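> one predicted model, sequence on top.
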Amino acid sequence: MREIKFIAYIKDEGRLLNVNLIDFDDEYVRVWDEYGENEEEWFLNDCELTQYTGLKDVNGVEIYEGDILQDPDDEGFCYEVEYDYGRFSCGDNDLIDCLGCNVVGNRFENSELLEAD
């Protein structure tokens, strides 16, 4: 069984923060600040949640939906991790086939990596 974790991208502030509570009834999330010291609360419509895939890249970095992976064996092309039809994918492949890749960023902070393709 994989660990269930989320991060939240705070749209107006351009920050990615670790989620520690999602309240769907009151429509807010509780997150840790960048330093992991203080909790903040944000309305769900002010952020975008992305889910942990349960997998890590070749360097041990956790892979989240929206992360950008680079395949050093494929001329350095970058692929976004997506969740669709009940599975995580990377480009046209299952995510499990992309585990030789490195997380080089995410679609929120590094979208230019995807535009280069």
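Right, received. Where do you want to start?
> the spatially most central residue of the chain and residue 40: what is the separation?
The centroid of the chain falls nearest to residue 64 when counting by CA atoms, centre = their mean (3.2 Å). With distances taken as CB to CB, to the nearest Å, residue 64 is found 19 Å from residue 40. In short, each C-beta sits where N, CA and C put it, glycine included.
> go on, residue 28?
In this structure, residue 28 and residue 40 are 10 Å apart, going by CB to CB.
> the bottom helix or strand of this protein by mean pLDDT?
Of all regular secondary-structure elements in the chain, judged by mean pLDDT, DSSP states H and E, the least confident is helix 112-115 with a mean of 81.
> neighbouring contacts of that one?
When contacts are defined by CB atoms under 8 Å, 6 or more residues apart in numbering, helix 112-115 is touched by residues 68, 70, 78, 80, 104-105, 107.
> in it, what counts as buried?
Taking 16 or more other CB atoms under 10 Å as the basis for neighbour counts, the residues of helix 112-115 that come out buried are residue 113.
> any weak-confidence spans in the protein?
For the chain, applying pLDDT under 70 flags the ranges 116-117.
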